[in-house]
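K.L.:
Sharing a sequence plus its predicted fold:
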Protein chains: 2
Amino acid sequence: MRKPRADAVRNRDRVLEAAKAVFSAGGAEASLEAVARAAGVGIGTLYRHFPTREALFEAVYRREVQELTDLAEQLKKEAQPIDALRHWMRSTVKFVATKKGMSAALALAADKNSELYSHSSDQLTRAVGGLLDRAIAAREIRSDVSLEDLLRALWGMYHMQDRPGWQASVLRLVDVFIDGLRIGPDRSRARPRSRKSRR
Amino acid sequence: MRKPRADAVRNRDRVLEAAKAVFSAGGAEASLEAVARAAGVGIGTLYRHFPTREALFEAVYRREVQELTDLAEQLKKEAQPIDALRHWMRSTVKFVATKKGMSAALALAADKNSELYSHSSDQLTRAVGGLLDRAIAAREIRSDVSLEDLLRALWGMYHMQDRPGWQASVLRLVDVFIDGLRIGPDRSRARPRSRKSRR
DNA sequence: CCGATATACGGAGGGTGCCTCCGCTTTTCA
DNA sequence: TGAAAAGCGGAGGCACCCTCCGTATATCGG
């Protein structure tokens, strides 16, 4: 099979870059013609590379997932299993916080394409698996919650941005969730950050 | 001021009903002209009542919130505070499960209109408030998690439908969350349903 | 009950974005 | 270097969006 043409590769990249920017700014319903314009390519080129809006969403989405995966791998070197877990979840929240309009687009893509969902889920599962397994092996957390469950919880949080205070709220939810995972009578309330009292 | 015209009221209702059906079947991007057709009114009539797609989403959304509120009020009569809370969260999951395509539309509406969000949030907050407060007053759960936090957690779950097994997963998450809320050394694992072992 | 008038109806039509198709250009390979 | 494969881009047909306004109907005072 031939080597892919250099211009094709370049254009594909440009479109992806433009799409990320345009969707971030204008949300998931932004015009694809605007994306093509921003990328400096014809609308036909965009459609050849990404036959549907969803395909484009998907491609951008895969990039995002890759970043999350890398982040997980890096955090796997944290010392205390349960703290590494908490740290990763917290970091994920902050990562998501930077995405604004993209999130709707990504959610849409994942919604309509279960292969994509399971692939990404696998990828993240593999990456974060060590964190969870270590904590379970160390008998620090309950063993009946799967990685999928954990990812779903995070997934949910992915959808609450754009409210004032959402980030603090989600961080609090992460703490509650981690506490819920803990095993045994040790219910120490010691946690990394000072916390506001209720409301 | 005059009494509103009977035909106007009737048409508004028809459109709302049709919108719920059409969005449920076809998702949030369904054509508004299809909604008007299904309602048996002209496109102009639809647009007079709901000037934008979002306005229509919003109206349907308010209905859904009302149902959730009613459900909460009804469950407030449950005996054990913490069980009532768990029951409501579990029931909400099931309620959401029946909505399918609607959820994307509803999420979109809430996303773009913060007044709507805060109003609905208030309404649910008021309705569920008793459940949480009773549990806190009884010292059964920690006191630094607000109603808003709890609603956000549910909100997140709202977005995970359409995956095989999502419902069981969410129910599991609810249990974890409730366990995380509990106060004191009583970490009894007794819970209403038998549970699968990890993956 | 009836006329006046406020209110509502519906769909034609201009505009925009979607997506396909294909003649032209560029790149690759022998 | 030339032929063929691969890619480019935008014209054009279509669906949907939304406004505008002539027509129809409900309400209300008399």
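P.N.:
Perfect, thanks for sending it.
K.L.:
Only C-alpha atoms from now on, for both contacts and neighbour counts.
P.N.:
Fine.
K.L.:
now the strands for chain A?
P.N.:
In order along the chain, chain A carries no strands (DSSP state E).
K.L.:
Buried residues, stretch A:130-149. List them.
P.N.:
By neighbour count, with 16 or more other C-alpha atoms under 10 Å in any protein chain shown as the criterion, the buried positions of stretch A:130-149 are A:130-136, A:140-143, A:145-149.
K.L.:
so for that stretch, what's the average pLDDT?
P.N.:
Per-residue pLDDT values across stretch A:130-149 average out to 86.
K.L.:
And stretch A:61-73, by the same measure?
P.N.:
Mean per-residue pLDDT for stretch A:61-73: 79.
K.L.:
Alpha carbons only: can I get that stretch in PDB?
P.N.:
Taking Å, rounded to 0.1, in the frame of the first residue of the first chain, the C-alpha atoms of stretch A:61-73 are listed here in PDB:
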ATOM      1  CA  TYR A  61     -12.400  13.100  21.400                       C
ATOM      2  CA  ARG A  62      -9.800  10.400  21.000                       C
ATOM      3  CA  ARG A  63      -7.100  13.000  21.500                       C
ATOM      4  CA  GLU A  64      -8.700  14.100  24.700                       C
ATOM      5  CA  VAL A  65      -8.900  10.600  26.000                       C
ATOM      6  CA  GLN A  66      -5.200  10.100  25.100                       C
ATOM      7  CA  GLU A  67      -4.300  13.100  27.300                       C
ATOM      8  CA  LEU A  68      -6.300  11.700  30.200                       C
ATOM      9  CA  THR A  69      -4.600   8.300  29.800                       C
ATOM     10  CA  ASP A  70      -1.200   9.900  29.800                       C
ATOM     11  CA  LEU A  71      -2.100  11.800  32.900                       C
ATOM     12  CA  ALA A  72      -3.200   8.500  34.600                       C
ATOM     13  CA  GLU A  73       0.100   6.800  33.700                       C
END
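K.L.:
Figure out how far that stretch is from the centre of its chain.
P.N.:
Centre-to-centre, stretch A:61-73 and its host chain are 7 Å apart (C-alpha atoms, centre = their mean, to the nearest Å).
K.L.:
follow-up on the earlier one: go back to the buried residues of stretch A:130-149 and keep what's next to DNA strand C.
P.N.:
Near DNA strand C, taking C-alpha under 7 Å from any atom of the strand as the test, no member of the buried residues of stretch A:130-149 is found.
K.L.:
Show me the two of the residues you listed that sit farthest apart.
P.N.:
Checking the buried residues of stretch A:130-149 against each other with C-alpha to C-alpha, the farthest-apart pair comes out as A:E140 and A:E148, at 18.6 Å.
K.L.:
Return the member of the buried residues of stretch A:130-149 nearest to A:P81.
P.N.:
Distance ranking of the buried residues of stretch A:130-149 against A:P81, using C-alpha to C-alpha, places A:A135 first at 4.8 Å.
K.L.:
Nearest spatial neighbour of A:V128, chain-adjacent residues omitted?
P.N.:
Nearest in space to A:V128, with sequence neighbours left out and distances taken as C-alpha to C-alpha, 6 or more residues apart in numbering or on different chains, is A:A72 at 5.7 Å.
K.L.:
That neighbour contacts A:W88, doesn't it?
P.N.:
Yes. In terms of C-alpha atoms under 8 Å, A:A72 counts as a neighbour of A:W88; the distance is 6.5 Å.
K.L.:
residues in contact with A:G165?
P.N.:
With contact taken as C-alpha atoms under 8 Å, 6 or more residues apart in numbering or on different chains, A:G165 is in contact with no other residue.
K.L.:
same check, this time on A:I43
P.N.:
By C-alpha under 8 Å, 6+ apart, A:I43 lies in contact with A:L32, A:E33, A:A36, A:R37.
K.L.:
Can you select the buried ones among these for me in PyMOL?
P.N.:
The buried subset of the contacts of A:I43, as determined by 16+ other C-alpha under 10 Å, is captured in PyMOL by this line:
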select buried, chain A and resi 32+36
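K.L.:
Mind putting the contacts of A:I43 into CSV with pLDDT and distance to A:L171?
P.N.:
Converted to CSV, the contacts of A:I43 look like this (pLDDT from 0 to 100; distance: C-alpha to C-alpha, whole Å):
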residue, pLDDT, distance to A:L171
A:L32, 96, 35
A:E33, 96, 38
A:A36, 96, 38
A:R37, 96, 39
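K.L.:
which stretches of chain A have low pLDDT?
P.N.:
When residues are selected by pLDDT under 70, those of chain A lie in A:1, A:78-79, A:97-114, A:157-164, A:184-199.
K.L.:
And the residue of it closest to DNA strand D?
P.N.:
Of chain A, the residue with the smallest distance to DNA strand D, taken as C-alpha to the nearest atom of the strand, is A:G44 at 2.9 Å.
K.L.:
Near A:F177, how many other residues are there?
P.N.:
23 (other C-alpha atoms under 10 Å in any protein chain shown).
K.L.:
ugh, typo on my part, it should be A:V93
P.N.:
A:V93 has 21 neighbours, counted by other C-alpha under 10 Å.
K.L.:
is it true that it touches A:R172?
P.N.:
No. Between A:V93 and A:R172 no contact is recorded; they are 10.9 Å apart, counting by C-alpha under 8 Å.
K.L.:
Against A:E17, how distant is A:A39?
P.N.:
Counting by C-alpha to C-alpha, to the nearest Å, the gap from A:A39 to A:E17 is 8 Å.
K.L.:
More neighbours: these two, which one.
P.N.:
More neighbours sit around A:A39 than around the other of A:A39 and A:E17, counting by other C-alpha under 10 Å; the figures are 22 against 15.
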